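Participant: Here's a sequence, model it:
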Amino acid sequence: MSSIQRTQKGFTLIELMIVVAIIGILAAIGIPAYQDYLNRSKVLEAVTAAGACKTGVMEYAAATSTLPASAAEAGCSIDPTQYVQELAVAAGKITITLRNVHTDVNGATLVLSPTNDSDPPATAAANGDSILGWHCGTSADPAHYKYFPANCRKEVL
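Facilitator: Reported below is the predicted structural model:
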């Protein structure tokens, strides 16, 4: 007598359902994390756009021992970009107004203030000192600080 042997080919329905469930769980975790990553990169792009103004403020302060009163004095003119609604300079402080980032932070501002080791922000060049760094703060709700660079996750001074 001959015996008939059956061999299994392919996956069973339950095995396929388990794989689909695992993929669904991974997507539920991964997609929000990726969206947060994208929003953080948009904010970082806005901070990077202020780089020319930071250089201009430092050069102006080094040459005159005072802080520039406007973007024109700092020698920077940044046109609005996809994520920067407005970039302004006043008393050496660079203010970046965000847009098209996330509904929770659109319209929020990032303020970069020149500082040195001992003086509070925005007084570094006022008394003739060099600008040694920048203080970064935001007007955004602390619940949404996750979208900002680590050094900007504090209130504006």
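
Participant: Residues contacting stretch 53-61, please?
Facilitator: Residues outside stretch 53-61 that contact it (Cβ atoms under 8 Å, 6 or more residues apart in numbering) are 66-68, 71, 73-76, 78, 87, 89, 92, 94, 112, 114, 124-125, 130-131, 134. From N, CA and C alone the C-beta is placed, and that goes for glycine too.

Participant: export that stretch as PDB, just CAs?
Facilitator: Coordinates of each C-alpha in stretch 53-61 appear next as PDB, following Å, rounded to 0.1, in the frame of the first residue of the first chain:
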ATOM      1  CA  CYS A  53      22.000  87.000  11.400                       C
ATOM      2  CA  LYS A  54      24.000  85.500  14.300                       C
ATOM      3  CA  THR A  55      27.200  86.200  12.400                       C
ATOM      4  CA  GLY A  56      26.000  89.700  11.500                       C
ATOM      5  CA  VAL A  57      25.100  90.500  15.100                       C
ATOM      6  CA  MET A  58      28.500  89.200  16.300                       C
ATOM      7  CA  GLU A  59      30.400  91.200  13.600                       C
ATOM      8  CA  TYR A  60      28.400  94.400  14.400                       C
ATOM      9  CA  ALA A  61      29.000  94.000  18.100                       C
END
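
Participant: Could you pull up the mean pLDDT of that stretch?
Facilitator: Averaged over stretch 53-61, pLDDT sits at 88.

Participant: hang on, the earlier thing: so of the contacts of stretch 53-61, which ones are in strands?
Facilitator: Of those, the ones assigned to strands by DSSP state E are 87, 89, 94, 112, 114, 134.

Participant: Looking at the residues you listed, which is nearest residue 146?
Facilitator: Closest approach to residue 146 among the ones in strands among the contacts of stretch 53-61 (Cβ to Cβ): residue 112, at 19.6 Å.

Participant: List the residues that contact the closest residue in space to that closest one that isn't next to it in sequence.
Facilitator: Excluding its sequence neighbours, the residue lying closest to residue 112 (Cβ to Cβ, 6 or more residues apart in numbering) is residue 94, at 4.3 Å. Counting by Cβ under 8 Å, 6+ apart, residue 94 touches 50, 53, 54, 57, 87, 88, 111, 112, 113.

Participant: before we move on, back to that, so which of the ones in strands among the contacts of stretch 53-61 comes closest to residue 106?
Facilitator: Nearest member of the ones in strands among the contacts of stretch 53-61 to residue 106, counting by Cβ to Cβ, is residue 87, at 15.5 Å.
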